[in-house]
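# Return a 3D structure for these sequence lines:
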Amino acid sequence: MFGRWFGNKTATGAARGNALAGLVVPDSAGVLSCRVLDPVNEAVPQAEFVLTDRAGRKVVGGETDPYGSVLATVPAGEYRLAVTAEGFTPFHGSATVTEGGHASLGDVTLQVTTPPQLPDPGDWEIEPTHSQIGFTARHIGMARIHGRFNTFAGAVRIADRMEESAMHVIIDAASIDTNVQMRDDHLRSSDFLDVGRYPTLEFYSDRFVHRGGTRWGVSGALTLHGVSRTVTLDTQYLGLGNGLEGETRAACRATTQLHREDFTLTWQTMLARGIAVVGPSISIDMDIQIVPKG
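Next comes the predicted model:
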């Protein structure tokens, strides 16, 4: 479908007389395209694609448009294209882009994957040795500070229908760790977490929403600094496995964004140029493994 869009290049390298008349193609470059479809020939929007060169270096990446299309202007050369989408087997293909040319991979059909087996119904608990609750915050407007909570516990009740499951996680606020003692002491103080008054963070959820494939939304109440707010964890279920002693375990990854002011964490200092010392939002990243409760 893309071939008919490309006519002769203008003197400035722009295609003309077609739907891509404004596209500028430098003399040393060409265009690579494809359309990503599912097994019933429906477009797959927002599939992720990455184009790498012969050395394996990323040249360009992004998402397919609402019609499942990939269109990239790149220097002439040999490339590998990887396309991934939730619930589908990844696609890998190769193409050679020539100067002024158009390399089309045509229609790329992704195959549906079998979702991983869910945990058996029953009571499970977080296995802290192989789990981590981390966070990232902006510092002085540009640097990123990474940290984690070292002490936490949690229980998960898996229902017959996964959507009816529930979980409860308790985090020791004083276990915050950014690998800098002075900064950690400040974070524990009344300026931030105020661990003397609010020794724990707690998350309770009884709303598991399947978003397709291995993606779930886990919504619940997070209590932090004495304030409760509803948050949703964007969760990827990774499946079941066995530990060193043969015990069954399930794993997932989850992320969310918190805004400090939602939890009255309003301490702030501005530098002379008006740059905030601490950014307004915090990214939470979790790697969790659960095991049957003994």
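
# Retrieve the pLDDT associated with residue 155.
pLDDT recorded at residue 155 is 97.

# which regions of the stretch 151-294 of the chain lie under the pLDDT threshold?
The model of the stretch 151-294 of the chain has pLDDT under 70 over residues 260-280.

# all helices for it, in order.
Ranges of helices in the stretch 151-294 of the chain, per DSSP state H, counting those that start in this stretch, are 181-188.

# you'd agree residue 72 is up against residue 60?
Yes. Between residue 72 and residue 60 there is a contact at 5.0 Å, judged by Cβ atoms under 8 Å. (Glycine included, C-beta is placed from N, CA and C.)

# the more surrounded of the two?
Ranked by neighbour count (other Cβ atoms under 10 Å), residue 72 and residue 60 place residue 72 first, with 20 against 14.

# mind listing what the closest residue to residue 128 other than its chain neighbours touches?
For residue 128, ignoring the flanking residues on the chain, the nearest one in space by Cβ to Cβ, 6 or more residues apart in numbering is residue 152 at 6.5 Å. Residue 152 is in contact with 126, 128, 131, 133, 169, 170, 171, 172, 175, counting by Cβ atoms under 8 Å, 6 or more residues apart in numbering.

# let's see it at 10 Å
126, 128, 131-133, 169-172, 175, 200-201, 203, 286, 288 (Cβ atoms under 10 Å, 6 or more residues apart in numbering).

# Tell me how far it lies from residue 178.
Note on residue 152: its distance to residue 178, by Cβ to Cβ, to the nearest Å, is 16 Å.

# Next: residue 242.
In terms of Cβ to Cβ, residue 242 sits 34 Å off from residue 178.

# Between the two, tell me which one has more neighbours.
Taking neighbours as other Cβ under 10 Å, residue 242 and residue 178 compare with residue 178 leading, 17 against 9.

# I'd say that one and residue 150 touch.
No. At 11.1 Å, residue 178 and residue 150 do not qualify as touching, with contact defined as Cβ atoms under 10 Å.

# Following the chain past the one helix or strand residue 59 maps to, name the next helix or strand.
If you go by DSSP states H and E, residue 59 is part of strand 58-63. For strand 58-63, the following helix or strand on the C-terminal side (DSSP H and E) is strand 69-75.

# Direction included, what does that next one pair up with?
strand 29-37 (antiparallel) (DSSP bridges).

# Now do the contacts for residue 283.
134, 135, 136, 137, 138, 144, 146, 255, 256, 257, 258 are the contacts of residue 283 under Cβ under 10 Å, 6+ apart.

# Quick check: bridge partners of it?
Applying DSSP bridges, one finds that residue 283 bridges with residue 136, residue 257.

# now swap in residue 249 and tell me
residue 241.

# ok so, going back, anything in contact with each of residue 72 and residue 60?
32, 49, 51, 79.

# Just list whatever residues bridge to the second one.
When bridges are taken as DSSP bridges, the partners of residue 49 come out as residue 62, residue 83.

# my guess is it meets residue 60, correct?
Yes. Judged on Cβ under 10 Å, residue 49 makes contact with residue 60 at a distance of 8.5 Å.

# shared neighbours, the two?
70, 72.

# How about residue 64: what's its closest non-neighbour residue?
residue 47 is the one closest to residue 64 (Cβ to Cβ, 6+ apart), at 4.5 Å.

# ok, now residue 252?
residue 237 (4.9 Å).

# Could you pull up the residues touching the one you found?
Counting by Cβ under 10 Å, 6+ apart, the residues that residue 237 touches are 115-119, 162, 210, 213-216, 250-254.

# Which stretches in the stretch 101-250 of the chain count as strands?
102-109, 122-126, 132-139, 143-149, 152-158, 166-172, 176-177, 200-212, 215-224, 227-242, 248-259 (DSSP state E, counting those that start in this stretch).

# Just send the ones you listed back as TSV, with distance to residue 194 too.
Below are these laid out as TSV (distance: least, Cβ to Cβ, whole Å):
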stretch	distance to residue 194
strand 102-109	53
strand 122-126	25
strand 132-139	17
strand 143-149	15
strand 152-158	18
strand 166-172	14
strand 176-177	12
strand 200-212	12
strand 215-224	10
strand 227-242	11
strand 248-259	16
